[in-house]
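J.: structure for the following, please:
(chains A and B)
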Amino acid sequence: MTERAPLALRLAAGAGLAFLHLPLAFIVLYAFSSEEKSYQFPPPSYTTRWFEVVWQRQDIWDAIALSVRVGLIATALALVLGTLAAGALARTRFFGREAVSLLIVLPIALPGIVTGIALRAAFGVAEIPFSFWTIVLGHATFCIVVVHNNAVARLRRTSPSLIEASMDLGADAFQTFRHVVLPNLATALLAGGMLAFALSFDEVIVTTFTAGQQTTLPIWMLTELIRPRQRPVTNVVAIFVMAVTFLPILAAYWLTRDTADVAGAGK
Amino acid sequence: MSALPAPAAPTSLRGRLSDLVVRRPRLLAGLLLAPPLIWLGLVYVGSLVALLVQSFWTLDDFTGAVVPDFSFAAYAELLQPANRDIVLRTVAMAAAVTLACGAIAFPIAYYAARHARGRTKAAFYLLVMLPLWSSYLVRVYAWKLILAKEGVVTWFAERTGTTALIDGLLAIPGIGGPSLSVSYVGTFLVFVYLWLPYMILPLQASLERVPKSFVEASGDLGARPGQTFRHVILPLALPGVAAGSIFTFSLTLGDYIAPQIVGPSAYFLGQVVYVQQGTAGNIPLAAAFSVVPIVIMGVYLTVARRMGAFDAL
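T.: Numbers count the residues shown, from 1 in each chain, chains lettered A, B, ... in the order given. From the prediction side, this is the model:
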């Protein structure tokens, strides 16, 4: 099975990956374009001046700051709620378990616009004014599933005999949690948290429904896409967003890459 | 075991609490589950109920104000031909996007799962993850650059003499449009591009779970590689396809930004919801429209779960 793949398969896989990456390469190229008004290809000449322009734009910095604040608080909430749910669902069987897992997946399984407009409807009925917190509320809701998935996968791979051994050696439930379960979960939680942050940092559909006047970075970009002021500036911000979201992904990957052989998993 | 003396019951509160949760795992599960359930129940299910309730409200034709009177008016409006077309158009697009994603994702997932090892495998994983996480808007925007009139595709077509081919594609009614960036083809390409990683990842996971011994046994029993693929690997990879299709289908159903930036003037479902609740102020109709994807995804999730999609997530 591990012999060389057929040529057709390798070509198809390579073409697929190229399809995924070429558009991103164009974004990077366009960030250096000196052409301001159109999407002319190839760019007439190249410049780094847009990076400087972005650096001096206060509205961009404000949007980044808001996105980071929303992301951090939504991630913190999702970490607590997602981990608790994972702890309950990883091994215990009980009535309604399926329904609960469905409920956790639902905020991302249903289209974002449903989540968005549902929250907006609820804010309307409950007469809650739009604020920083209404954005956080929405983001935390769909981030729970990311943390939950990471934590549940790790818990399932962690052998129950580790917990039994801890108990046999005289630790109570809290000590076992503190010294056995939590250290085992730590990297999975960190990875889940980073993915949740990246998800929140990038979210635009739910945000348009739950933000009033606040402008997160994706909202800023959306406005620029519909009514562009300086097109290359958007490209530079796009590169920045790519960098910001890619670093957590790399880290999350690195943290969870060896989880197949967690200590004790082989019983 | 029964010969061992029972350990003395702990006296401290902490000890008793500890014993309680250890002896009664269901109680522990209940305690753990309460906060997330309260959150999701209150915030999420509560919101969905609020949405459902508003879909039965009435729009006063004279004042344009929303009146909380129970009626099926919004749903009746939904069934009008123009609105029905929007739903059908969106569902057709979602189905086409899902099929295309499956076709493009399969070789990538298959190669990554069954041929790539070590560093190649890690590289594959990261190469799939990078586009997935490098911002939704950035990726939509990239296609605007590519499909724009003066953009990459036009340039490439002029150099290779394929301009006529693209013009021919755009001339096909129901698919084409005045230019690539305002056509159904454009929207389709963007959607396929956006959701492709969501198909690759679960598909790869389920392909990895196909036991090697099954494939070997099939070969030993005389099946040609094609037969093994069709009768052993493909059926076992189906939960992965189902899991991936949940995302490709659902995300296409609800997206209103991609078709707005790269797409024809005809509306998709998400756009109507957005416009009706925003500028038009017809909240009951917007709510009724958003019940459509909920129902579709409800059916979809039920079928997908039967196929084992949830285990492949």
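J.: only C-alpha atoms for contact and neighbour calcs from this point on.
T.: OK.
J.: lowest average confidence, helix or strand, in chain B?
T.: helix B:309-312 (a mean of 66; mean pLDDT, DSSP states H and E).
J.: can you show me the helices along chain A?
T.: A:7-31, A:49-55, A:58-89, A:97-109, A:112-126, A:132-157, A:160-168, A:173-176, A:182-202, A:205-210, A:217-226, A:231-256 (DSSP state H).
J.: any chance of these in CSV, plus mean pLDDT, mean neighbour count and distance to B:Trp155?
T.: Output for these, formatted as CSV (pLDDT from 0 to 100; neighbours: other CA atoms under 10 Å in any protein chain shown; distance: least, CA to CA, whole Å):
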stretch, mean pLDDT, mean neighbour count, distance to B:Trp155
helix A:7-31, 89, 17, 13
helix A:49-55, 81, 15, 24
helix A:58-89, 92, 21, 32
helix A:97-109, 86, 18, 38
helix A:112-126, 89, 23, 35
helix A:132-157, 90, 24, 41
helix A:160-168, 83, 15, 60
helix A:173-176, 83, 17, 64
helix A:182-202, 87, 23, 31
helix A:205-210, 90, 24, 33
helix A:217-226, 88, 19, 22
helix A:231-256, 79, 20, 19
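J.: what's the helix or strand for the residue nearest the centre of chain B?
T.: Central residue of chain B (CA atoms, centre = their mean): B:Phe247, 1.7 Å from the mean position. Secondary structure assignment for B:Phe247, by DSSP states H and E: helix B:234-254.
J.: that helix close to chain A?
T.: Yes. Helix B:234-254 is in contact with chain A by CA under 8 Å from any CA of the partner chain, via B:246-247, B:250-254.
J.: buried residues of that helix, list them for me.
T.: Neighbour-count burial for helix B:234-254 flags B:236-254 (criterion: 16 or more other CA atoms under 10 Å in any protein chain shown).
J.: could you do stretch B:259-270 as well?
T.: Buried residues in stretch B:259-270 (16+ other CA under 10 Å): B:259-264, B:267-270.
J.: tell me where the model's unsure across chain B.
T.: For chain B, applying pLDDT under 70 flags the ranges B:1-10, B:310-313.
J.: what's the longest helix in it?
T.: helix B:81-114.
J.: angle of the helix or strand following that one against helix A:231-256?
T.: Later in the chain than helix B:81-114, the nearest helix or strand by DSSP H and E is helix B:118-133. On the basis of axes from the mean of the first three to the mean of the last three CA atoms, to 10 degrees, helix B:118-133 is oriented at 140 degrees to helix A:231-256.
J.: dump the next helix or strand after helix B:118-133 to CSV, restricted to CA.
T.: As assigned by DSSP H and E, the chain's next helix or strand after helix B:118-133 is helix B:136-147. Provided in CSV are the C-alpha atoms of helix B:136-147 (Å, rounded to 0.1, in the frame of the first residue of the first chain):
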residue,chain,number,x,y,z
TYR,B,136,-12.6,33.8,4.6
LEU,B,137,-12.7,37.3,3.3
VAL,B,138,-9.2,37.2,2.0
ARG,B,139,-10.0,34.1,0.0
VAL,B,140,-13.2,35.6,-1.5
TYR,B,141,-11.2,38.7,-2.3
ALA,B,142,-8.5,36.7,-4.0
TRP,B,143,-11.0,35.5,-6.5
LYS,B,144,-12.2,39.0,-7.2
LEU,B,145,-8.6,39.8,-8.2
ILE,B,146,-8.4,36.6,-10.4
LEU,B,147,-11.8,36.9,-12.1
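J.: give the next helix or strand downstream of helix B:136-147.
T.: Following helix B:136-147 toward the C-terminus (DSSP H and E): helix B:152-160.
J.: off-centre distance for that following helix?
T.: Centroid separation for helix B:152-160 versus its chain: 32 Å, with CA atoms, centre = their mean, to the nearest Å.
J.: and stretch B:272-281, by the same measure?
T.: 23 Å.
J.: for the residues of helix B:234-254 next to chain A, work out which two are farthest apart.
T.: B:Ile246 and B:Gly254 (12.3 Å; CA to CA).
J.: give me every residue in the stretch 51-200 of chain B lying close to chain A.
T.: B:51, B:54, B:104-105, B:107-109, B:111, B:114-115, B:126-131, B:133-139, B:141-143, B:145-146, B:148, B:150-152, B:155, B:193.
J.: show me where the stretch 151-300 of chain B has helices.
T.: With DSSP state H, counting those that start in this stretch as the criterion, the stretch 151-300 of chain B has helices at B:152-160, B:163-171, B:184-208, B:212-220, B:225-228, B:234-254, B:258-261, B:269-277, B:283-306.
J.: what's the closest of these to A:Arg178?
T.: Nearest of the helices of the stretch 151-300 of chain B (CA to CA): helix B:184-208, 31.5 Å.
J.: that closest one to helix B:118-133, inter-axis angle?
T.: Orientation check (the same axes, to 10 degrees): helix B:184-208 against helix B:118-133 gives 140 degrees.
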